Structures are given as structure tokens and as C-alpha cells.
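Asker: Quick one: sequence and predicted model below, then my questions.
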Amino acid sequence: MQRPFLILAILMVLAGLAYLLWGGLEENMVYFVTPSELRVKGEGAVLVPVRLGGVVKPDSVRMNGAVLTFDLTDDIQTIGVTTTKAPPQMFQEGMGVVVEGSLQPGGRFLAERLMIKHGNEYRPPATGEMPQEIYKSLERESDR
């Protein structure tokens, strides 16, 4: 009597794992498109919520009051981005970013959220070392 229950329980666990691996995870993954991929979609991409990822083009960042504008590129295509959201503290030119929002009829991307790409390396400050010194060393490494 317990053997059929055990087999049924094992099958249910395997079915749950299969769902997570092939179905559930795929539905919950959030991808971003590059400027080139967004341009290929043409008019079908206008006003459709999407995540756009690329690199902030050098010499393109402008702050006019509460409005931040910059160009996002994948080295093939460039899309102008406008947002009224405050950028993260480490936001800078040449940095990888992902923005959430939609392409507007005029061709600019209106961002509702701005996220920066940063290294996954973390080390706490050494005794007597100021966090600003670590930040400066990370900036030097990213400039290479």
C-alpha cells in the first residue's frame, strides 16, 4: 500500500521539477533587447513596454533640471533615452545599463526605470581604507 504512494510522490516531485526547468522559469525570466533589436521591430515596438540594454554613449549624458537624457548604444545602433527618474549614484558614460520603458513615436526611449550593470566583485574596505578609495579603484579598472 505504501509503495504506490511513494511512486506517486516521486512522480509528482519530478513533474514539479520538470515544470520549473522547462516552463515556469522561462515564463519568469526577464530579458532585454539591444538598440539594434528594438530598431528591427520598427513601428511594432512603439509604446510597447520593454527592457532596453546597452552602453551609455560617451559625451551624450545631459541633465536639464529633473530630466536626464543620454544615448544608449550596442555599437551598431543608438537610441536616445529620456527619463525623469534619478540615476543610480554610479551611473556614468561608457557604463552598461538596462532601462525599462517604451519607445516613443518620435524615436526616443522614455525610461521609467534605470539600472546599471556593475561588476559582481565585492570586497569590504581594509582597515583604515575609505569606501571612496575602493570606488575610485573600481572606476580606474572600468576605464581600462
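Answerer: On my side now, so go ahead. Keep in mind that what you see is a predicted model, and the values were worked out from it rather than measured. Numbering: from 1, shown residues only.

Asker: distance between the helix or strand containing residue 13 and the chain's centre?
Answerer: Assessed by DSSP states H and E, residue 13 sits inside helix 2-19. In terms of Cα atoms, centre = their mean, to the nearest Å, the centre of helix 2-19 is found 38 Å from the chain centre.

Asker: quick one, domains of this protein?
Answerer: With domains defined by automatic domain parsing, the chain comprises 1-30, 35-116.

Asker: As JSON lines, these with distance to residue 127 and mean neighbour count would be great.
Answerer: Just so you know, the C-beta spots here come from the backbone N, C-alpha and C atoms, and that holds for glycine as well. As requested, those are exported to JSON lines (distance: least, Cβ to Cβ, whole Å; neighbours: other Cβ atoms under 10 Å):
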{"stretch": "domain 1-30", "distance to residue 127": "40", "mean neighbour count": "9"}
{"stretch": "domain 35-116", "distance to residue 127": "24", "mean neighbour count": "15"}
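
Asker: Now do the residue positioned nearest the centre of the chain against residue 81, distance only.
Answerer: For the chain, the residue nearest the mean C-alpha position is residue 98 (3.2 Å; Cα atoms, centre = their mean). As judged by Cβ to Cβ, to the nearest Å, residue 98 and residue 81 stand 11 Å apart.

Asker: Show me the common contact partners of those two, please.
Answerer: Counting by Cβ atoms under 8 Å, 6 or more residues apart in numbering, the shared contacts of residue 98 and residue 81 are residue 52.

Asker: what's the least confident helix or strand in the protein, going by average pLDDT?
Answerer: One helix or strand of the chain scores below all others by mean pLDDT, DSSP states H and E: helix 25-28, with a mean of 53.

Asker: Which helix or strand lies directly C-terminal to it?
Answerer: Later in the chain than helix 25-28, the nearest helix or strand by DSSP H and E is helix 35-40.

Asker: starting at the chain centroid, how far to that next one?
Answerer: With Cα atoms, centre = their mean, you get 16 Å for helix 35-40.

Asker: Could you list the residues in contact with the helix or strand just after it?
Answerer: The helix or strand immediately downstream of helix 35-40 is strand 50-56, counting by DSSP H and E. Among residues not part of strand 50-56, those counted as contacts by Cβ under 8 Å, 6+ apart are 30-35, 38, 70-75, 79, 81, 91-103, 109, 111, 117.
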